[in-house]
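*Asks:* I'll drop the sequence and a predicted model, then ask my questions.
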Amino acid sequence: MTEQENHEAYWRENIKLVFLCLAIWFIVSFGFGVLLVEQLNAIRMGGFKLGFWFAQQGSIYTFLALIFFYVHQMNKLDKKYNVND
């Protein structure tokens, strides 16, 4: 694999990872917090309706978890493609 092909493959995988993280965050924040709020409000979590919880807290916790997931995956990707710091 040439250096150019290696670089393109690295960025292709990076972009897929970014879109995956954005899709998960969108589903949790907009899907659960806005679109499915009525169905989720039938379930209670810690005394609060689940739809309300996703709108207020769940999307934030998901975003923080996605940051750590992204860092972990990028470290693996850097090692795979031998990218130096």
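*Replies:* In hand now; what should we look at?
*Asks:* what about Phe54, how many neighbours?
*Replies:* Phe54 has 26 neighbours, counted by other Cβ atoms under 10 Å. Just so you know, the C-beta spots here come from the backbone N, C-alpha and C atoms, and that holds for glycine as well.
*Asks:* Actually, Thr62.
*Replies:* Number of residues near Thr62 (other Cβ under 10 Å) recorded here: 19.
*Asks:* how near is it to Asn84?
*Replies:* Distance from Thr62 to Asn84, counting by Cβ to Cβ, to the nearest Å: 31 Å.
*Asks:* hey, where'd the helices end up in the protein?
*Replies:* For the chain, applying DSSP state H gives helices covering 3-26, 37-40, 50-53, 59-80.
*Asks:* pLDDT value on Glu8, please?
*Replies:* Listed pLDDT for Glu8 reads 94.
*Asks:* should've said Asp85
*Replies:* Note for Asp85: predicted pLDDT of 58.
*Asks:* do the same with Ile67
*Replies:* What the model reports as pLDDT for Ile67 is 97.
*Asks:* OK, contacts around the nearest residue to Gln39 once chain neighbours are set aside?
*Replies:* Beyond its immediate neighbours in the sequence, the residue positioned closest to Gln39 (Cβ to Cβ, 6 or more residues apart in numbering) is Gly51, lying 7.4 Å away. By Cβ atoms under 8 Å, 6 or more residues apart in numbering, the contact set of Gly51 is 32-33, 36-41.
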